[in-house]
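# the following block contains a protein sequence and its predicted model.
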Amino acid sequence: MIALQELGWPMAVVLAWVIGELGHRWTRLPRISLYGIVGFALGPAQAGLLSMTMGGTAMLLANIAFGLILFEFGYRINLNWLRHNPWLAASGLLESSLTFGCVMLLALLCGLPMLTALLLASLTMSTSPAAVMRVVNEQRSSGQVTERLIHLTGLNCVLAVFTFKVIVGVWTFQSSGSLVQAALNSVVLLAASVALGALFGMTVPALLRRLGNLSRDATIAFAISVMLLVALAHTFKLSPVLATLTFGLMARHRRVTFSATQRNFGALGDLLTVVLFMFVASTLEWQRVISGLGLALGLIAARAVAKVIGVTLFARWSGISARKGMLTGVAMMPISVFVILLLEQARYLGVDLVDQLAPLAAMTLLLELAGPVVTQRALISARETHESAEH
């Protein structure tokens, strides 16, 4: 039994990969949704085949995988576009604010405490860059909806991290009475995370220029740098999300490119993605999912409506049709990976919020499975994928 427990994660990764490949071939569903089904089914609270003793290693691998995706995600964001098209940034601020307000109001109406409602609102205003990036790459999607989806997701993730950290800082202050500790858990950590990512964004491109032959060395150099950056962020209890996202942004604007054949960081990124989506789903417990299912359905509906309205209102002013604006809002449905890893990082800092957010568990599981499918269908409807081009 001990040997089987130690082999649980490697065997589960193989099973998830096989199911993902066969399921994608037969149903055309995103592979990451199928990885999530396997992870949830085999999790400690369900089948119990994934040992909790391996949770620390799986958590580290999941954060490295998320860091690689965030780096590539940040690399796709063009800050000059946001500056030249302020209506795009305005639509991002509007949809994030509407999502925050609608979710908080619904949570309060359902009798949740103010702090819990604020935490739910801050987390649900985000869109998972991991799911968005994987679906975009898997579908080989490109076009107006795809680029707006990436930029708006990056914007609302930064807003979500900032809001979440500030609320956690307030919670820490109420619990400990220490204003210094509360500040360290919020604004100071955020600034330090951005600074660390910016430092990597300046030094790694400079090192690559010194070494030469960028097209051959850049991909592996960036992958190793992201691993080191995630490890440093965890060691100093910073935000790996902001650090790796900033690293990608800086690397783009330092004009260092890596080969187009290494999308998703090649086989390494594909392998770690299986672990990432399995790990996220395995942390969910079916009892907590069932208990929060009713409110979760309402929160999903409120969040979806807020994002669609927020993006569609400024669609024409930002240069696209109302239909494409609506499809962009619909495509912003995924949430799971970002939320779970943010909660796990908060737990690592000594703030355990999982038990207080039961509706979030149900919401996360539903969107772990359905979110990537909705994004895939929205991109196909916008005729920006390889599949729609073939048709």
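Thanks, I have it. Bear in mind the structure is a predicted one, so any value in this text is a computation, not a measurement.

# could you count how many residues lie near A12?
26 (other CB atoms under 10 Å). Bear in mind the C-beta positions are built from the backbone N, C-alpha and C, glycine included.

# which residues in the stretch 51-200 of the chain form helices?
Here the stretch 51-200 of the chain has its helices, by DSSP state H, counting those that start in this stretch, at 55-76, 79-84, 86-109, 114-124, 129-139, 144-176, 179-183, 189-211.

# hey, which of the ones you listed is tucked in deepest?
Of all these, helix 129-139 has the most neighbours on average by mean count of other CB atoms under 10 Å, namely a mean of 25.

# what's the angle from that helix to helix 55-76?
With axes from the mean of the first three to the mean of the last three CA atoms, to 10 degrees defining the directions, helix 129-139 sits at 60 degrees from helix 55-76.

# any chance of the helices of the stretch 51-200 of the chain in JSON lines, plus mean pLDDT and distance to F277?
JSON lines is the format used below for the helices of the stretch 51-200 of the chain (pLDDT from 0 to 100; distance: least, CB to CB, whole Å):
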{"stretch": "helix 55-76", "mean pLDDT": "81", "distance to F277": "9"}
{"stretch": "helix 79-84", "mean pLDDT": "84", "distance to F277": "29"}
{"stretch": "helix 86-109", "mean pLDDT": "92", "distance to F277": "23"}
{"stretch": "helix 114-124", "mean pLDDT": "87", "distance to F277": "18"}
{"stretch": "helix 129-139", "mean pLDDT": "88", "distance to F277": "8"}
{"stretch": "helix 144-176", "mean pLDDT": "84", "distance to F277": "17"}
{"stretch": "helix 179-183", "mean pLDDT": "61", "distance to F277": "33"}
{"stretch": "helix 189-211", "mean pLDDT": "86", "distance to F277": "24"}
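
# got these as CSV, with distance to A267 columns?
What follows is the helices of the stretch 51-200 of the chain, written out as CSV (distance: least, CB to CB, whole Å):
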stretch, distance to A267
helix 55-76, 12
helix 79-84, 31
helix 86-109, 34
helix 114-124, 32
helix 129-139, 14
helix 144-176, 23
helix 179-183, 43
helix 189-211, 22
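
# which residues touch G319?
G319 makes contacts with 85, 87-88, 144, as judged by CB atoms under 8 Å, 6 or more residues apart in numbering.

# ok, now how distant is it from G371?
26 Å (CB to CB, to the nearest Å).

# ok, H151 next?
Plainly put, H151 is 18 Å away from G371 if you go by CB to CB.

# over to P129?
The gap separating P129 from G371 is 12 Å, by CB to CB.

# one more: L245?
Taking CB to CB as the measure, L245 falls 20 Å from G371.

# phi, psi for the closest residue to Q287 other than its chain neighbours please.
In this structure, Q287 finds its nearest non-sequential neighbour in A45, 7.2 Å apart by CB to CB, 6 or more residues apart in numbering. Note on A45: backbone dihedrals following degrees, to the nearest 10 are phi -90, psi -10.

# F314 now?
Dihedral pair for F314: phi -100, psi 10, per degrees, to the nearest 10.

# can you count the residues close to it?
A count of nearby residues for F314, using other CB under 10 Å, gives 21.

# does it really touch L94, like I thought?
Yes. In terms of CB atoms under 8 Å, F314 counts as a neighbour of L94; the distance is 6.7 Å.

# okay, and the common contacts of the two?
With contacts defined as CB under 8 Å, 6+ apart, no residue is shared by F314 and L94.

# circling back to that earlier point, for the contacts of G319, which one is nearest F236?
Taking CB to CB as the measure, F236 lies nearest L88 of the contacts of G319, at 33.7 Å.

# the closest one and L82 touch, don't they?
Yes. Counting by CB under 8 Å, L88 touches L82, with 6.1 Å between them.

# got any residues that touch both of those two?
Any residue near both L88 and L82 by CB under 8 Å, 6+ apart counts here, and that gives H151.

# and A301, how many neighbours?
12.

# how close does V166 sit to L190?
V166 sits 9 Å away from L190, going by CB to CB.

# same question, N78
Taking CB to CB, one finds N78 at 23 Å from L190.

# again, but for V226
According to CB to CB, V226 and L190 sit 19 Å apart.

# could you do A378 as well?
Look at A378 and L190: by CB to CB, they are 31 Å apart.

# and what of A218?
Distance from A218 to L190, counting by CB to CB: 28 Å.

# repeat for I335
Taking CB to CB as the measure, I335 falls 21 Å from L190.
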